[in-house]
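*Asks:* Curious how this folds, go ahead:
(one chain, ligands or ions: 6)
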Amino acid sequence: MVRHWLHTLVDDTLMPKQLNLLKSSIDHGLRIGMLSHDCPVCGVAATRACTRCKMVRYCDGEHQKQHWPQHKKSCKPYREAVDEQLGRYLVATQDLKAKQIIFVEDPIVVGPKWYLSKTEKTSIIVPCVACYTPCRLGKHLCRRCRWPVCSANCVHESLECTVLSLGQGPAAKSDTRGLRNYYREDALLVLKCLLLQRQAPERWAALLQMQSHEEERKGTELHQEVEKRIVSYLHRNFLHRLNQVAKHCKERLISEYEPELIHRICGIIETNYMVIELATGVELSGLFRNACMMEHDCQPNCYFQFDNLTHQIAVHAGCDIKKGEHLKITYTNILWGTHMRQHHLGMTKHFNCRCARCLDPTEFGSYVSALRCLGDVNKTCTGIQLPIDPLNEHTQWKCDTCPMVVETAYVTGLQTHMSDDVEKLLAGRPTASQVELLLARLSQMLHPNHFHIFNLKHTLIQLYGYEVGLELASLSDAQLDRKLRLCDELYDICQRLDPHSIKLAIYVTVILIEMAHALEQQANRQSEQTQALVILEKARARLMEAHEVLEKEHDSVAGRKLYMKLQKEVFELDKLMVAQSHDRHTA
Ligand SMILES: [Zn+2]
Ligand SMILES: [Zn+2]
Ligand SMILES: [Zn+2]
Ligand SMILES: [Zn+2]
Ligand SMILES: [Zn+2]
Ligand SMILES: [Zn+2]
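*Replies:* Residues are numbered from 1 along each chain as shown. Ligands and ions are numbered 1, 2, ... in the order given. Presented below is the predicted three-dimensional model:
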């Protein structure tokens with residue numbers, strides 16, 4: 001059994017460090033497999049898509065006309081609206097069923113990942129400049145621009161290739177670091193935007209209509225960061241030569257590329273980009289006209305899937321949505337407390353969220369930000385501390401039982417300190433007892449549902465039953481109970497924050513699988529066979545629920561990994577149940 005089987009995958013998305021480098025982490029993409037490509041009238045494979053919704057295809061105009069009276073009821077079930085506070089947003093114009101596709105759209109632009117991690121910046125595995133397939137640095141190079149490609153046959157888009165071929169290439173005898181400093185794929189999304197001026201003027205116009213927050217960005221850390229990473233990199237290596245080239249050829253490759261404009265594009269990307277995960281695990285960034293217009297809410301009602309081949313995006317209803325409701329997705333990590341989400345949204349997206357969760361100090365009764373009250377010198381207190389005004393970053397925190405009040409600075413200091421402790425511990429692949437130790441220490445100051453505690457507990461359920469010496473069969477009854485209780489607590493928090501598991505599908509699936517595990521073991525220890533079967537039925541119900549939840553993620557890398565595990569679990573459990581009922585009949 002692999003120790004700590006989902007550790008990296010789950011904790012990566014939980015770590016609160018490096019706020020400025022967080023992806024917008026909207027749901028990972030899946031293939032839009034459920035869209036039929038057959039004409040609904042005659043059933044023949046068809047290519048002519050309804051131009052309004054792009055969701056149905058027809059063999060010819062005749063059949064399209066014939067189908068319209070029926071199709072118009074479901075064609076484009078939303079409208080655009082504008083609000084002074086929200087800006088542009090989308091509203092359902094009819095009742096929508098959970099999982100229903102609301103719209104499908106082509107991207108304005110799709111390109112490589114916008115922020116590379118530390119390891120990616122120095123890795124010798126890079127995405128092919130033409131098709132994004134991971135390839136070894138230096139193995140194959142595009143014949144013209146000399147950028148890494150997956151094979152000699154892979155075709156690089158010609159305008160981008162021309163611009164990149166203006167570069168000098170990495171210095172001779174460069175080491176990996178030198179090569180990676182030259183091949184910066186995280187700057188290519190911006191270049192792809194600039195190329196739209198020639199390739200697709202109408203998409204270029206749509207791009208420039210998107211919000212950039214350029215004024216707010218000036219002088220910030222983010223502005224300095226892109227100045228170095230993108231603006232000066234592109235100018236130094238490629239764009240400065242465009243002028244010289246222009247003298248020799250009649251037509252200019254790109255007409256506008258001055259630093260101001262590039263900064264504006266960076267602002268547009270930062271404000272609007274979506275993270276797309278391909279089946280290969282490669283992560284891309286994309287801009288979409290309608291999807292990027294969707295309103296943010298810390299409890300979303302929509303999710304999206306991405307088509308690897310066409311680069312189209314499909315937005316789905318995450319739950320039943322009533323006519324008139326806004327369509328909402330999430331641009332931040334919903335497992336964080338309000339203060340942290342606000343900080344992240346303010347820094348990257350330049351707005352303060354005022355959703356129902358953000359306004360509620362208890363965050364829908366989840367208490368993921370709450371602290372324990374420490375009382376005063378004379379008297380201990382069992383109350384909890386909550387922010388008086390959660391949207392005010394300088395708010396005081398008040399105890400719900402005694403008159404004790406604490407200042408924000410204290411709370412922030414405490415949380416940052418704890419983030420460091422949690423991050424350090426989890427990075428080192430800790431044992432269950434090490435996690436328990438930190439958990440006990442943090443629990444003195446934090447509510448049992450606090451998001452730091454959530455992180456530790458979610459790690460623990462993946463250690464009890466797997467760690468050497470703590471395999472399921474070796475757990476004491478008390479340890480087994482603990483595992484089950486932790487699962488219940490975590491499940492309850494997830495249900496409060498995301499009742500339809502739209503954002504937390506992966507977390508919830510892990511919890512449900514571990515619940516089933518613990519229940520199975522409890523059934524094993526049960527001497528009464530009827531009772532054992534009842535427990536096994538319960539375990540099976542958990543796995544079936546996991547199956548349902550995972551549907552939204554079944555094609556993301558984490559989702560597929562979990563899906564395989566889930567399949568195996570169901571198979572094993574069914575075997576066990578057959579054996580049990582057989583025993584019962586023969587007993
Ligand atoms: Zn037809
Ligand atoms: Zn249509
Ligand atoms: Zn390729
Ligand atoms: Zn090329
Ligand atoms: Zn909110
Ligand atoms: Zn108190």
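
*Asks:* Could you list the contact residues of the chain toward ligand 5?
*Replies:* Proximity of the chain to ligand 5, by Cβ under 5 Å from the ion, involves residues 298, 353, 355, 358. Every C-beta, even on glycine, is put in place using the N, C-alpha and C of the backbone.

*Asks:* Show only the entries of these found in helices.
*Replies:* Secondary structure assignment by DSSP state H places Cys358 of the residues of the chain next to ligand 5 in helices.

*Asks:* Switch the residues of the chain next to ligand 5 over to CSV; also include distance to Ala98.
*Replies:* Output for the residues of the chain next to ligand 5, formatted as CSV (distance: Cβ to Cβ, whole Å):
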residue, distance to Ala98
Cys298, 20
Cys353, 24
Cys355, 20
Cys358, 24
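
*Asks:* Give me the buried entries from the residues of the chain next to ligand 5.
*Replies:* 298, 353, 355, 358 (16 or more other Cβ atoms under 10 Å).

*Asks:* What is the nearest of those residues to Thr271?
*Replies:* Top of the list for closeness to Thr271, among these and by Cβ to Cβ, is Cys353 at 14.4 Å.

*Asks:* mind listing what the closest one touches?
*Replies:* By Cβ atoms under 8 Å, 6 or more residues apart in numbering, Cys353 lies in contact with 296-298, 341-342, 345.

*Asks:* Now render those as TSV, adding distance to ligand 6.
*Replies:* TSV is the format used below for these (distance: Cβ to the ion, whole Å):
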residue	distance to ligand 6
His296	34
Asp297	32
Cys298	27
Arg341	26
Gln342	25
Leu345	30
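
*Asks:* how about the residues of the protein near ligand 2?
*Replies:* Residues of the chain lying near ligand 2 (Cβ under 5 Å from the ion): 50, 52-53, 75.

*Asks:* Can you tell me the closest non-neighbouring residue to Ser212?
*Replies:* The shortest distance from Ser212 to any non-neighbouring residue, by Cβ to Cβ, 6 or more residues apart in numbering, is to Gly267 (3.4 Å).

*Asks:* and that neighbour, what does it touch?
*Replies:* 212-214, 217.

*Asks:* okay, whichever strand or helix holds it in CSV with CA atoms only?
*Replies:* Take DSSP states H and E as the rule and Gly267 turns out to sit in helix 259-272. Extracted in CSV, the C-alpha atoms of helix 259-272 (Å, rounded to 0.1, in the frame of the first residue of the first chain):
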residue,chain,number,x,y,z
PRO,A,259,5.1,48.0,-22.4
GLU,A,260,1.9,49.8,-21.3
LEU,A,261,-0.2,47.5,-23.5
ILE,A,262,1.6,44.4,-22.3
HIS,A,263,1.0,45.4,-18.7
ARG,A,264,-2.7,45.9,-19.5
ILE,A,265,-2.8,42.4,-21.0
CYS,A,266,-1.1,41.0,-17.9
GLY,A,267,-3.8,42.7,-15.8
ILE,A,268,-6.6,41.2,-18.0
ILE,A,269,-5.1,37.7,-17.6
GLU,A,270,-4.6,38.1,-13.9
THR,A,271,-8.2,39.3,-13.4
ASN,A,272,-9.9,36.8,-15.7
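
*Asks:* Quick one: name whatever helix or strand follows that helix.
*Replies:* That would be, after helix 259-272 and using DSSP H and E, strand 274-277.

*Asks:* what's the next secondary structure element after that next one?
*Replies:* Next along the chain from strand 274-277, counting by DSSP H and E, comes strand 283-287.

*Asks:* contacts for the next helix or strand after that next one?
*Replies:* Later in the chain than strand 283-287, the nearest helix or strand by DSSP H and E is strand 295-296. The contact list for strand 295-296, computed with Cβ under 8 Å, 6+ apart, reads 86, 89-90, 326-332, 345, 349, 351, 353, 355.

*Asks:* care to break the chain down by domain?
*Replies:* 17-108+287-338, 113-286, 356-368+389-397+406-586 (automatic domain parsing).

*Asks:* Show me where the stretch 251-400 of the chain has its strands.
*Replies:* Applying DSSP state E, counting those that start in this stretch to the stretch 251-400 of the chain gives strands spanning 274-277, 283-287, 295-296, 302-306, 313-317, 328-329, 371-372, 384-387, 397-399.

*Asks:* Please identify the most buried of those strands.
*Replies:* Neighbour counts (mean count of other Cβ atoms under 10 Å) averaged over each of the strands of the stretch 251-400 of the chain peak at strand 302-306, with a mean of 27.

*Asks:* helices and strands around that strand, which ones?
*Replies:* The contact analysis (3 or more Cβ pairs under 8 Å, 6 or more residues apart in numbering; DSSP states H and E) places strand 302-306 against strand 274-277, strand 313-317, strand 328-329.

*Asks:* what bits of this structure have low per-residue confidence?
*Replies:* Applying pLDDT under 70 to the chain picks out residues 1-36, 249-251, 555, 584-587.

*Asks:* which parts of the longest helix along it are buried?
*Replies:* Using DSSP H to define each element, the chain has its longest helix at helix 557-586. In terms of neighbour count (16+ other Cβ under 10 Å), helix 557-586 has its buried residues at 557-560, 562-563, 565-566, 569-570, 573, 576-577, 580.

*Asks:* what's the spacing between the residue of the stretch 351-500 of the chain found nearest ligand 2 and Ala317?
*Replies:* Scanning the stretch 351-500 of the chain for the residue nearest ligand 2 gives His500, at 26.1 Å (criterion: Cβ to the ion). Relative to Ala317, His500 is positioned 10 Å away (Cβ to Cβ, to the nearest Å).

*Asks:* Kindly report the same for Ser255.
*Replies:* 42 Å.

*Asks:* before we move on, back to that, can you put the residues of the chain next to ligand 5 in JSON lines and add distance to ligand 1?
*Replies:* Shown next, in JSON lines, are the residues of the chain next to ligand 5 (distance: Cβ to the ion, whole Å):
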{"residue": "Cys298", "distance to ligand 1": "44"}
{"residue": "Cys353", "distance to ligand 1": "46"}
{"residue": "Cys355", "distance to ligand 1": "44"}
{"residue": "Cys358", "distance to ligand 1": "49"}
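
*Asks:* burial measure for Lys113, as a count.
*Replies:* 22 (other Cβ atoms under 10 Å).

*Asks:* shouldn't it be in contact with Glu120?
*Replies:* Yes: counting by Cβ atoms under 8 Å, Lys113 touches Glu120, with 7.5 Å between them.

*Asks:* coming back round to it: can you convert the domains of the chain into TSV and add a column each for distance to Gly375?
*Replies:* Shown next, in TSV, are the domains of the chain (distance: least, Cβ to Cβ, whole Å):
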stretch	distance to Gly375
domain 17-108+287-338	22
domain 113-286	39
domain 356-368+389-397+406-586	12
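
*Asks:* is it possible to export the ones you listed to TSV including distance to ligand 4?
*Replies:* Formatted as TSV, these follow (distance: least, Cβ to the ion, whole Å):
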stretch	distance to ligand 4
domain 17-108+287-338	19
domain 113-286	3
domain 356-368+389-397+406-586	28
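
*Asks:* what about those, which gets the closest to Asp376?
*Replies:* Closest approach to Asp376 among the domains of the chain is made by domain 356-368+389-397+406-586 (11.2 Å; Cβ to Cβ).

*Asks:* Return the distance of the closest one from the chain's centre.
*Replies:* 19 Å (Cα atoms, centre = their mean, to the nearest Å).

*Asks:* That's all I had, so thanks and see you.
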